[in-house]
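**Q** Need coordinates for the below:
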Amino acid sequence: TGLVVIYSTGGATQTGTGRILAGGVSLLGQGAFILDTLNNDVDTLAGLVTGATSGLAFQDDDGFDIGAVGPTLGVNVGTAVGNAVVLRSTGLVTQSQALVTNQLGLRGVGPTYVLSNSGNSFAVLAASTSGTGGITARTGVAAQVGTVTSPDASTISGVNTGATTGVVALQSTAAFTQAAGAPGVITTDQLVLMGAGPFTLTNTGNDINRLAAGPSNGADTPSADRLTSGPASISFANANGFAVDAIDPAGANIGVVSGLNTNGGIGLRAATGDPITLRQNVASTGVGAVAFFNPVLLDAPGPSRTVTVNGGNGIVRFYGPIDGAVGTTNQQRLVVRSAAVPSVDLPPIGLLGSVGSTRALLSADIGGNLGSVPASSTVVFASNWLQAAGPNQHRISVTPGTGPFVVTAQESVRFGDQQKVLSFGNMTINSTGANGTVNGGDTGANRGVARFGDASAVGDLTVNADRIEFVLRAIAGAGSPSRPVGPNFVGSVREQF
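**A** Below is the predicted model of the structure:
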């Protein structure tokens, strides 16, 4: 319960039986304080260590708080390049006062570090922990994941809690990046990004399973420490496929962070080409592209089973096919929105739904101004995708687009007539520069049915099908339903009123 104050102008070490047992310990002076060779037992750690080569290494396996010990508040070793604080524990490490250093290193087996004080400042972060704990680390200055050199000259590189365990929450109100190569790699089960950032974590050696980003909403978080806005932007690369999900950082009292919520661009990539799984929504409220550089799999939970991708004022770009996740038995829904012009880019051959698979996308509602990659886009709706027309089924709006596009039902769906059916809630083309072709199946003898709820075209809409069905709806001010304007039809036409 007592307090211990250690003052030295040349640092301090411990050997033999020199453990520190106290309610609180305060380290004052200059030099390197290396107190991590024995398992100390204190409740509160504080320190003010000055000088260009100052640092602090401390171990307490049952956890401690960085707080106030007498007049000393928090831990401050200065921000000169190379000054470092390295903590080791197997318990819970918290803080009620700020931590200021150039380098921050975290060690231990199964610890939980909750270092989310708004006064924190570090420029380099590294961690080597394992077990089921987690790391929450906050800084107010530009920082990177890199290499930390402890006062005892040992080093830690990257942030590693184990590939299948742990949660890492990086909180920053300034730019957060990674060193190149192995020194900058993040290895953890779950990664959360919070604060303005921006976060540029594009080291392709990263190895995570789940990703989330957004503001802090934990009622237990002190109001001065709450992060109330999402990152300015996120660029993230991983070695393998990963999921955008809902994550609760272990013991951090910041609540669940769901999906990706930013004020700017989002770029997601897996180096192996594996799919990116979306279990939660992706949303930007600002400018900058929202880009998926890999195939996208949808695996949203019930009851809505819907994933929404909102680009805000930035274009939404899909560079690969979109489908339901492997083993998905529920039918997924995709909604895409953006206020940009153009607003949505689909890949040159965009496969929506799996060919010959039991996976299911029930509907895609792609609204806005359809762009393309490149100028002409082929959108393929495959089997188990093709459902009865409805107000939000397979909706594509082109207003205006950048070039012609083709929509094709690639795989047959076995109705009574065993024909291929492509079903739209509405198809709208409002520009002669965005001419379109809809194939109700093969363009040859096996053409199937193209079925529309509402369809209109001021531009040129060509429909190739054995049968084209329209559920015509009354236009406001008109006395009766009206046929679509201007399309060219190849095949018989059935109008349903």
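**Q** Scan this structure for its longest strand.
**A** strand 41-59 (DSSP state E).
**Q** downstream neighbour of that one in the secondary structure list?
**A** strand 64-66 (DSSP states H and E).
**Q** which outside residues touch that following strand?
**A** Residues from elsewhere that reach strand 64-66, judged by CB atoms under 8 Å, 6 or more residues apart in numbering: 42-46, 74-75, 89, 91, 93-99, 115, 117. (Glycine included, C-beta is placed from N, CA and C.)
**Q** Is it possible to mark the buried ones in these?
**A** 42-46, 74-75, 89, 93-95, 97-99, 115, 117 (16 or more other CB atoms under 10 Å).
**Q** Looking at those residues, spot the one nearest residue 324.
**A** Residue 324 lies nearest to residue 115 out of these, by CB to CB, at 39.4 Å.
**Q** and the contacts of strand 64-66, which of them are in strands?
**A** 42, 43, 44, 45, 46, 75, 93, 94, 95, 99, 115.
**Q** which residues touch the closest residue to residue 10 other than its chain neighbours?
**A** Spatial nearest neighbour of residue 10, excluding adjacent residues (CB to CB, 6 or more residues apart in numbering): residue 31 at 4.8 Å. Contacts of residue 31 were listed using CB under 8 Å, 6+ apart, and they are 8, 9, 10, 11, 12, 49, 51, 53, 54.
**Q** Next up, the contacts around the first one.
**A** Translated: residue 8. Here residue 8 is in contact with 28, 29, 30, 31, 33 (CB under 8 Å, 6+ apart).
**Q** Name every strand pairing with the helix or strand the fourth one falls within and say which way it goes.
**A** Under the assignment given by DSSP H and E, the secondary-structure element containing residue 31 is strand 21-35. In its sheet, strand 21-35 lies beside strand 3-8 (parallel), strand 12-13 (parallel), strand 41-59 (parallel), with partners assigned from DSSP bridges.
**Q** Give me the contact list for the second one.
**A** By that I understand strand 12-13. For strand 12-13, with CB under 8 Å, 6+ apart as the criterion, the contacting residues are 6, 27, 31, 33, 34, 35, 37.
**Q** what two of those residues are the furthest from one another?
**A** The most widely separated members of those are 31 and 37, with 16.3 Å between them, by CB to CB.
**Q** and residue 302, how many neighbours?
**A** Around residue 302 there are 7 other residues, counting by other CB atoms under 10 Å.
**Q** Actually, residue 13.
**A** 15.
**Q** What of the one 5 residues further on?
**A** Per other CB under 10 Å, the neighbour tally for residue 18 reads 12.
**Q** does residue 332 have beta-bridge partners, and which?
**A** residue 361.
**Q** So it versus residue 316, what's the distance?
**A** Look at residue 332 and residue 316: by CB to CB, to the nearest Å, they are 17 Å apart.
**Q** Likewise for residue 79?
**A** The gap separating residue 79 from residue 316 is 40 Å, by CB to CB.
**Q** Between the two, which is the more surrounded one?
**A** Applying other CB under 10 Å to residue 79 and residue 316 shows that residue 316 carries more neighbours, namely 27 against 14.
**Q** quick one, what contacts that one?
**A** By CB under 8 Å, 6+ apart, the contact list for residue 316 reads 289, 290, 291, 309, 310, 336, 337, 338, 343, 344, 345.
**Q** Could you point out which of the contacts of residue 8 is nearest to residue 68?
**A** Distances from residue 68 to the contacts of residue 8, taken by CB to CB, are shortest for residue 28, at 13.7 Å.
**Q** for residue 273, phi and psi?
**A** phi 90, psi 0 (degrees, to the nearest 10).
**Q** Cross-check the contact I'm expecting between it and residue 321.
**A** No. Judged on CB atoms under 8 Å, residue 273 makes no contact with residue 321 at a distance of 11.6 Å.
**Q** Between those two, which has more neighbouring residues?
**A** Shown here are residue 273 and residue 321; by other CB under 10 Å, residue 321 has more neighbours (21 against 12).
**Q** how near is that one to residue 127?
**A** Residue 321 is 36 Å from residue 127, by CB to CB.
**Q** where does the chain dip in pLDDT?
**A** Where the chain drops to pLDDT under 70, the residues are 216-228, 250-253, 325-331, 341-342, 346-497.
**Q** that older thread, just name the closest of the contacts of residue 316 to residue 103, please.
**A** residue 291 (33.0 Å).
**Q** list the buried ones in stretch 269-282?
**A** Going by neighbour count (16+ other CB under 10 Å), the buried part of stretch 269-282 is 269, 270, 271, 275, 276, 277, 278, 279, 280, 281, 282.
**Q** from those residues, which is closest to residue 154?
**A** The nearest member of the buried residues of stretch 269-282 to residue 154, counting by CB to CB, is residue 271 at 30.1 Å.
**Q** Quick check on the closest one: phi, psi?
**A** phi -60, psi -30.
**Q** Tell me if I'm right that it and residue 204 touch.
**A** Yes. Using CB under 8 Å, residue 271 and residue 204 qualify as a contacting pair, with a distance of 4.0 Å.
**Q** what touches both of these two?
**A** Taking CB under 8 Å, 6+ apart as the contact rule, residue 271 and residue 204 both touch 237, 238, 239.
**Q** what pairs with the second one across the strands?
**A** According to DSSP bridges, the residues that bridge with residue 238 are residue 270.
**Q** From residue 167, how far out is it?
**A** For residue 238 relative to residue 167 (CB to CB), the value is 16 Å.
**Q** Kindly report the same for residue 108.
**A** With CB to CB as the criterion, residue 108 and residue 167 are 15 Å apart.
**Q** now residue 309
**A** Counting by CB to CB, the gap from residue 309 to residue 167 is 25 Å.
**Q** do residue 229 as well
**A** Residue 229 is 21 Å from residue 167, by CB to CB.
**Q** In terms of neighbours, single out the busier of the two.
**A** The residue with more neighbours, out of residue 229 and residue 167, is residue 167; 24 against 17, by other CB under 10 Å.
**Q** what residues are up against the more buried one?
**A** So residue 167 contacts 134, 135, 161, 188, 189, 190, 191, 192, 247, 248, 249, 250 (CB under 8 Å, 6+ apart).
**Q** Return the residues in contact with the fourth one.
**A** The one in question is residue 188. Taking CB under 8 Å, 6+ apart, one finds 159, 160, 161, 162, 163, 165, 166, 167, 168, 207, 208 in contact with residue 188.
**Q** Is there a quick PyMOL command that grabs whichever of those residues are buried?
**A** Buried residues among the contacts of residue 188 (16+ other CB under 10 Å), as a PyMOL selection:
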select buried, resi 159+160+161+165+166+167+168+207+208
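**Q** closest to residue 178 among the contacts of residue 188?
**A** For those, the nearest to residue 178 is residue 159 (9.2 Å; CB to CB).
**Q** So that closest one versus residue 128, what's the distance?
**A** 8 Å.
**Q** just residue 46 next, same as before
**A** Counting by CB to CB, the gap from residue 46 to residue 128 is 25 Å.
**Q** since we're on the closest residue to residue 106 other than its chain neighbours, how many residues are nearby?
**A** Nearest non-adjacent residue to residue 106, counting by CB to CB, 6+ apart: residue 127, 4.0 Å away. Other residues lying near residue 127 total 28 when counted by other CB under 10 Å.
**Q** if we can go back for a sec, need the residues touching each of residue 273 and residue 321.
**A** Residues touching both residue 273 and residue 321 (CB under 8 Å, 6+ apart) are residue 295.
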